[in-house]
Each structure stands twice: as structure tokens, then as C-alpha cells.
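# Please work out how this folds:
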Amino acid sequence: MTGRAGDAGDCAEKPAGEPVAEGAGGRAPGAGEAAGDPAGELPSGAEGSAPGAGRVVRKVARVVLLDPDDRVLLLHGHEPDDPGLSWWFTPGGGLEGDETPEAAALRELAEETGITEADLGPVLWTRHCSFPFDGRRWDQDEWYYLARTRPTGAAPGPRALTELETRSLSGLRWWTSAELSAARETVYPTRLAELLRTLLDEGPPRAPVALAPEIV
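Numbering: from 1, shown residues only. Predicted coordinates:
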């Protein structure tokens, strides 16, 4: 779930299909492909790599959740031991066992926000990231799914957080495109305001867009 650069930046991912933007082709992981480390987000049950250890790339499904007013839902995360180092990011987390990316996206959304009434759409963007968090190095491939929810107002709130998530999450809120564009706070992916404007103006891309990789 929480991600620093992991939820961050223009990390390129391998798309579920042919990429529209830069980056190599790829696809969303299928059942059983999250080998080694089954969980794919930050605190969502998976262990990060110790410095110098052989790293396993996590498989992560994320959700760009829009309400009927086209606001996007973001979580507020921070370093567990440094709440002043914080950022906003999209809900999501790692695949568990033979779970599909679609199932992981909806499960993580429910666990982190309490929202269970959401219609999952296509993969919008993909990226690869490597970043430090909670004293470890995290490497992950992420797939960003579009989703729509019918209810408006405040999200219900988390209902099944891990111990690390509990220590590194401090809230959630809906953002308009204008608010996101004007935000001075750190938001991941770093181009989210631009990406959201394009999505609202043009609709979903014909194939997932591979964002440029980010190593922090």
C-alpha cells in the first residue's frame, strides 16, 4: 500500500499490452506470477529487500478511483518514523498468491479505503520503481487501473491495514483535478495531475501507457 517512490513518480511499468508511451512491452502479471515475494506494495504484507540482498520485483495493482464528480481518491502516507516526510498516493497493493491483478486492485481498495462498490476499468498506466521506505529498498512493477465509484462524500476509511500500514498511513481524501494541479504537497505518481487531466479530457488510452522508470 503506502509507497514513497513506490507510489511515486514517473516510474515506468511494463504494460498489460503494447505501451503507448516510452518503455518496453509487457503485460499485467497473471495468476502465480508474483513469484518470490507475493505481496506487491509497500506495507501490504510483503517484505522489502535488505541492503545488498537479492531483490525480488513486486507485482502491484493500483486504483485510480474517480467519483461521479471526477474527483480522485488519494491516501496520505509517511515514513513510519518520520511523519514529516509525507506524500499522497493512489490506493493499491501487492498480489497475494495466485491472485489476479484485478482481484488485488479491488481487495486493496476495500482494505485501505473501505470502498467495496467500485467498477474496475482498464489499465491506464504502468511503471517500474525502486525506492527506500522503512529502512529498506523496495523494487516493484505497478499497474494502474481506472475505477469508478457511485457513492460521493468521504470514503468510509480503512478496514484491514497491516501493522506497517497502520504506522505509515494518516488519512485519505478526494481531490479535484484543479486541486491536484495546484497542490504543493508531494503526490505520486509525480505526473498524476497531468495524467488525470489527460484522462478526463481524452478518456482512457487505447493501450496502457508506460511511464518512465524512477529510481530513488
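# Which stretches in this protein count as strands?
All strands of the chain, identified by DSSP state E, fall at 58-66, 72-79, 82-89, 92-94, 118-133, 136-149, 169-175, 187-188, 209-210, 214-215.
# Out of those strands, point me to the one whose mean pLDDT is lowest.
Mean pLDDT values for the strands of the chain show the minimum at strand 82-89, a mean of 72.
# Who are the contact partners of Ala183?
By C-beta atoms under 8 Å, 6 or more residues apart in numbering, the contact list for Ala183 reads 88, 175, 193. The way it works is simple: take the backbone N, C-alpha and C, and place the C-beta from them, glycine included.
# if we can go back for a sec, quick one: which of the strands of the chain is nearest Arg197?
Closest to Arg197 of the strands of the chain, according to C-beta to C-beta: strand 72-79, at 11.0 Å.
# in the chain, which helix has the most residues?
If you go by DSSP state H, the chain has its longest helix at helix 101-113.
# Taking strand 136-149 as reference, get the angle to that one.
Comparing the axes of helix 101-113 and strand 136-149 via axes from the mean of the first three to the mean of the last three C-alpha atoms, to 10 degrees yields an angle of 90 degrees.
# Flag every buried residue along helix 101-113.
Across helix 101-113, burial judged by 16 or more other C-beta atoms under 10 Å covers 101, 104-113.
# just curious, which of those residues is nearest to Leu66?
The nearest member of the buried residues of helix 101-113 to Leu66, counting by C-beta to C-beta, is Leu109 at 12.3 Å.
# what would the strands of the chain look like in JSON lines with mean neighbour count?
As requested, these are exported to JSON lines (neighbours: other C-beta atoms under 10 Å):
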{"stretch": "strand 58-66", "mean neighbour count": "28"}
{"stretch": "strand 72-79", "mean neighbour count": "22"}
{"stretch": "strand 82-89", "mean neighbour count": "15"}
{"stretch": "strand 92-94", "mean neighbour count": "29"}
{"stretch": "strand 118-133", "mean neighbour count": "21"}
{"stretch": "strand 136-149", "mean neighbour count": "22"}
{"stretch": "strand 169-175", "mean neighbour count": "17"}
{"stretch": "strand 187-188", "mean neighbour count": "24"}
{"stretch": "strand 209-210", "mean neighbour count": "24"}
{"stretch": "strand 214-215", "mean neighbour count": "16"}
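# Leu200: which of these is closest?
Closest approach to Leu200 among the strands of the chain is made by strand 58-66 (8.4 Å; C-beta to C-beta).
# tell me what the closest one is packed against?
Counting contacts by 3 or more C-beta pairs under 8 Å, 6 or more residues apart in numbering; DSSP states H and E, strand 58-66 packs against strand 72-79, strand 92-94, helix 101-113, strand 118-133, strand 136-149.
# strands paired with the second one, and their directions?
In this case it means strand 92-94. strand 58-66 (antiparallel) (DSSP bridges).
# now the strand it pairs with against strand 72-79, angle please.
Orientation note: strand 58-66 sits at an angle of 140 degrees relative to strand 72-79 (the same axes, to 10 degrees).
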